[in-house]
Structures are given as C-alpha cells and as structure tokens.
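# okay, here's the prediction I keep looking at, along with the sequence it came from:
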Amino acid sequence: MLEDLRTDRLLLRPLRADDLPAVLEIQTDPRTHLHDSYLAGPEEVRQLFEAWLRHWADHGFGYLTVVEQATGAVIGIGGVQERELDGERVLNLFYRFRPSAWGKGYAAEMAGTVVDWAERTLPGLPVVVITNVGNAPARRVAEKLGFAVDKEADYQGAPAVYYRRRVGRR
C-alpha cells in the first residue's frame, strides 16, 4: 500500500531487513532515549524490529527508514503503525533520529509527509502522538503539525502527553 515518499531533502522508504544495523544503532543509542524511562538492549531492538516488519506484512504500511537524499545516509526511523488505544483503532506516529540529524527540521518534515499520506489513505483512523511529558522537541514537532494535547497519563511507566490532530489540519 505505502511506497516511497519523498520530500525536498528526504527519502522515506518502507523498512526492510537490511535496515537492522542502522535501526540497532539508532535505537540503542542512549542519546536518542533521553526522555524515555528505559533503553532497550540489542536483542529487544531486534524483536521490536521484527514486529515492525510484521506490521508491514500485515498492513501494507508501517514505520519507514528515513534517508537523507543528499548523502544517502539513514538518519532516522519514523511513520505510523496501527494500534489500539483505549479501545479505539488509531495510527501511532513515531519518530526517532540520529543525534547528528537533530535541529534540522527533519522530524517535522518526515512526520508531516507521513501524516498527510495517512489522512489521505486511511481517513478513518485518527493519528496520535504519545510522548514523554518532558520531551520538548517531540512536543514541538507534534504541535507544529497541528496536534493538540488530548490527555496526560502514564505510558510505559512514565508521565506522557497524548496528542491528537486538530480538525482542519495544519
């Protein structure tokens, strides 16, 4: 269902098996988890990666590999996956980037492109963002894209903010 998406600076392509080394580097880097209560080890990341690939096989979309077009370097992971939240089917928007990619607007660029795709292709599923209360960069991205706080509650043992997209989009 979802094929490559492009922005001026990024290639967003379906996650594939040979992305595992880059995903391991990103997901096991403590700097990319500054606001998380837990840092997964390599084996847990491998299991998570396999679950992400299964989501692709089951749904035809999922988290994407984010490639900087100018260099061809994998700089992050992001996209949407279907999940159940409080008894409702939603699309969870996720993004995580290498520290070398921070501060360049890549997260908002990737996320905006993915949310636009999701709203066109899967209009019956609301897009949500769940992030740690103290994760100011992720919160700025969500707000920049027209998401508003829906509630605050714990998520995976830490205080979190749940965002939903406002009507009227960005």
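Yes, it's here.
# in a strand, residue 2, correct?
No: counting by DSSP: H, G, I helix; E, B strand; the rest coil, residue 2 is not part of a strand but coil.
# strands paired with the lengthiest strand in the chain, and their directions?
Scanning the chain for the strand with the most residues, using DSSP state E, yields strand 74-85. Sheet pairing for strand 74-85, assigned by DSSP bridges, gives strand 63-68 (antiparallel), strand 88-97 (antiparallel).
# now find how far off-centre that strand is within its chain.
Relative to the centre of its chain, strand 74-85 is centred 4 Å away, using Cα atoms, centre = their mean, to the nearest Å.
# likewise for stretch 8-16?
Distance of stretch 8-16 from the chain centroid (Cα atoms, centre = their mean) equals 13 Å.
# just the terminal-to-terminal distance for it.
23 Å (Cα to Cα, to the nearest Å).
# which residues touch that stretch?
Residues outside stretch 8-16 that contact it (Cβ atoms under 8 Å, 6 or more residues apart in numbering): 2-6, 23, 49, 52-53, 56, 62-70, 77-79, 106, 109-110, 113-114. Every residue, glycine included, has its C-beta placed from N, CA and C.
# buried stuff in it?
Judged by neighbour count (16 or more other Cβ atoms under 10 Å), stretch 8-16 contains these buried residues: 10-15.
# of those residues, which belong to strands?
10-14.
# quick one: which of those residues is nearest residue 155?
Distance to residue 155, by Cβ to Cβ, is smallest for residue 12 among these, at 25.0 Å.
# what bridges to the closest one?
Beta-bridge pairing for residue 12 (DSSP bridges): residue 5, residue 66.
# so how far is residue 161 from it?
According to Cβ to Cβ, to the nearest Å, residue 12 and residue 161 sit 25 Å apart.
# and for residue 145?
Distance of residue 145 to residue 161, computed by Cβ to Cβ: 14 Å.
# re the thing from before, drop anything exposed from the contacts of stretch 8-16.
Among these, those classed as buried by 16+ other Cβ under 10 Å are 2, 5, 23, 49, 52-53, 56, 62-68, 77-79, 106, 109-110, 113-114.
# okay, and the closest residue to residue 144 other than its chain neighbours sits in which element?
Spatially, and ignoring its direct neighbours in sequence, residue 144 is nearest to residue 108 (5.3 Å; Cβ to Cβ, 6 or more residues apart in numbering). Here residue 108 is covered by helix 106-121, with elements defined by DSSP states H and E.
# so which elements touch that helix?
strand 5-6, strand 10-14, strand 63-68, strand 74-85, strand 88-97, strand 127-132, helix 136-144 (3 or more Cβ pairs under 8 Å, 6 or more residues apart in numbering; DSSP states H and E).
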